[in-house]
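Engineer: what's the 3D shape of this:
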Amino acid sequence: MKYQTRISKMDRSDESQPMHVIRGKRLSNLLAEKSFSETVFFLLSGREPDPKEAVLFDKMLLSVIDHGMGTTSSMTSRFVASGGNSLHVAVAGGVLSIGDYHGGAVEKAMKQFLHWVTMDETDLREEIKRKILAKEIIYGFGHKVYKTGDPRVEVLTNESAKLGFISKYLHLKDIIEDVFSQVKGRAIHANVDAILALFLCDFGFDPLLGKGIFLIGRVPGLIAQSHEELVHERPVRRVPEERIELVE
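Structural biologist: Below is the predicted model of the structure:
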């Protein structure tokens, strides 16, 4: 039985010096010439990023590296660690907690943007208005903490402008925010999931990679949270009884 892949293989054409090849390029050459984030881009998309994409993608990963111990994934990692598990088990627990409402909205946001970018602006505004009135989810907008705007969105948007990066999708953010303000009479702002999704659409990434790209950025934070729990906290976290209310 043969296994097929388009990603990587050990090249043994020269048995005196086997080489690991990733998408047609030697790992040793990537190691010598590319950064980690550039290689991640190449590994996932099958093409090398141009200089503007490389800088922007690196900052996109950085934007989600950690968001405090109170997030779903960080607390999950800490609770798993507190039960006496190894570091990698605690990190895996945090990874498994990523879902459509925490970290995983990038995938669904990409799908909605890929559809909306094909629409005439008038029709798009009507579609967004309909979804708002029907109380349907518009992925990538609103935040539990950042009520007046996610600062990570501002930084990444400014960075793209500074680089001279031309986005075919970024205008969707402004349209959605504008329609929401008109319909609801109050502001809603894009969050980090939206800005990642918009630029990933520009890069041509498959939406199925959305959660994975978030994880590449977040796992270092989960490692740090898990390590701190193991080293500095007492075992067996428990929610205080006074914070638990028994209801009928």
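Engineer: can you list the domain ranges for the chain.
Structural biologist: For the chain, automatic domain parsing gives the domain ranges 7-47, 49-237.
Engineer: now do the contacts for the residue lying closest to Val55 once chain neighbours are set aside.
Structural biologist: Distances taken as C-beta to C-beta, 6 or more residues apart in numbering put Leu163 closest to Val55, at 6.0 Å, once the chain neighbours are dropped. Just so you know, the C-beta spots here come from the backbone N, C-alpha and C atoms, and that holds for glycine as well. Taking C-beta atoms under 8 Å, 6 or more residues apart in numbering as the criterion, Leu163 is in contact with 52, 55-56.
Engineer: would you point out which residue is most central in this protein?
Structural biologist: What sits nearest the mean C-alpha location of the chain, by C-alpha atoms, centre = their mean, is Phe214, with 2.5 Å.
Engineer: report pLDDT for it.
Structural biologist: According to the prediction, Phe214 has pLDDT 96.
Engineer: ranking the domains of the chain by burial, who's on top?
Structural biologist: domain 49-237 (a mean of 17; mean count of other C-beta atoms under 10 Å).
Engineer: please state the offset of it from the chain centre?
Structural biologist: Centroid separation for domain 49-237 versus its chain: 5 Å, with C-alpha atoms, centre = their mean, to the nearest Å.
Engineer: pretty sure Val95 is touching Leu222, no?
Structural biologist: Yes. In this structure, Val95 is within contact of Leu222 by C-beta atoms under 8 Å, at 6.9 Å.
Engineer: what sits in contact with each of these two?
Structural biologist: Here Val95 and Leu222 have Ser73 as joint contacts, going by C-beta under 8 Å, 6+ apart.
Engineer: ranges for the helices of this protein?
Structural biologist: Ranges of helices in the chain, per DSSP state H, are 27-33, 36-45, 51-63, 72-82, 87-96, 105-116, 121-133, 151-163, 171-184, 192-203, 210-232.
Engineer: turn these into JSON lines, including distance to Val239.
Structural biologist: JSON lines is the format used below for the helices of the chain (distance: least, C-beta to C-beta, whole Å):
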{"stretch": "helix 27-33", "distance to Val239": "46"}
{"stretch": "helix 36-45", "distance to Val239": "37"}
{"stretch": "helix 51-63", "distance to Val239": "30"}
{"stretch": "helix 72-82", "distance to Val239": "9"}
{"stretch": "helix 87-96", "distance to Val239": "16"}
{"stretch": "helix 105-116", "distance to Val239": "26"}
{"stretch": "helix 121-133", "distance to Val239": "36"}
{"stretch": "helix 151-163", "distance to Val239": "30"}
{"stretch": "helix 171-184", "distance to Val239": "35"}
{"stretch": "helix 192-203", "distance to Val239": "28"}
{"stretch": "helix 210-232", "distance to Val239": "15"}
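Engineer: quick one: which of the ones you listed is nearest Leu246?
Structural biologist: Taking C-beta to C-beta, helix 72-82 is the member of the helices of the chain nearest to Leu246, at 21.3 Å.
Engineer: just checking, what packs against the closest one?
Structural biologist: Packing partners of helix 72-82 (3 or more C-beta pairs under 8 Å, 6 or more residues apart in numbering; DSSP states H and E): helix 87-96, helix 210-232.
Engineer: as TSV, these with distance to Lys184 would be great.
Structural biologist: Output for the helices and strands packed on helix 72-82, formatted as TSV (distance: least, C-beta to C-beta, whole Å):
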stretch	distance to Lys184
helix 87-96	34
helix 210-232	27
